[in-house]
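Undergrad: from the sequence below, what's the structure:
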Amino acid sequence: MQQKKLVLLNFFSALEVILIDVFGDSKKLSNSAFFQAIMGAFPDICHTVRTKSGAYKQEYFQDLLEVLGGINWDEHQGTNNHSIKQLTTAIVDAVSGKNNIRDDMF
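TA: Sure, this is the predicted structure:
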């Protein structure tokens, strides 16, 4: 149980640092839609951190979560379930390194 608490503590500490870097504060953590989306992505974030780094240290979470700065947050303003699911998908895609290939690229 103590290890699970440490993983959560490391994750939220890293997330707070990233949010302050990206937005200047960590207010998004108290936003219900953001919190639901980030927790929806949490298993994928943990899997990616473990795969890439081999551990759940704060600095490893922080390195991975830096990609959150590349998400177009203006596209994810809704608070309904569909909007939260879209934000969760955007977060998972960002941390897992998935690239969307748009038709206008060709």
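Undergrad: dump the residue contacts of Phe61.
TA: 10-11, 13-15, 45, 49 (CB atoms under 8 Å, 6 or more residues apart in numbering). Any C-beta I mention is one placed from the backbone N, CA and C, and that applies to glycine too.
Undergrad: flag the shaky bits of the chain, pLDDT-wise.
TA: Counting by pLDDT under 70, the chain shows low-confidence ranges at 98-106.
Undergrad: hang on, the earlier thing: buried among the contacts of Phe61? Make that a PyMOL selection.
TA: Only the buried entries of the contacts of Phe61 go into this PyMOL selection, using 16 or more other CB atoms under 10 Å:
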select buried, resi 10+11+14+15+45+49
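Undergrad: okay, and which of the contacts of Phe61 map to helices?
TA: 10-11, 13-15, 45, 49 (DSSP state H).
Undergrad: can you list those residues in TSV and add distance to Leu68?
TA: Below are the ones in helices among the contacts of Phe61 laid out as TSV (distance: CB to CB, whole Å):
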residue	distance to Leu68
Asn10	16
Phe11	12
Ser13	15
Ala14	10
Leu15	8
Ile45	10
Val49	14
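Undergrad: for Ala94, state which of those is nearest.
TA: Ile45 (9.8 Å; CB to CB).
Undergrad: that closest one against Leu68, yeah?
TA: No. Contact criterion CB atoms under 8 Å: Ile45 and Leu68 do not qualify, at 10.1 Å.
Undergrad: overlap in contacts of these two?
TA: With CB under 8 Å, 6+ apart, Ile45 and Leu68 have common neighbours 91, 95.
Undergrad: which of the residues in stretch 43-55 are buried?
TA: Quick answer for stretch 43-55 (16+ other CB under 10 Å): 44-46, 48-49.
Undergrad: as a check, name the ranges of all helices in this structure.
TA: 2-23, 32-53, 58-65, 81-96.
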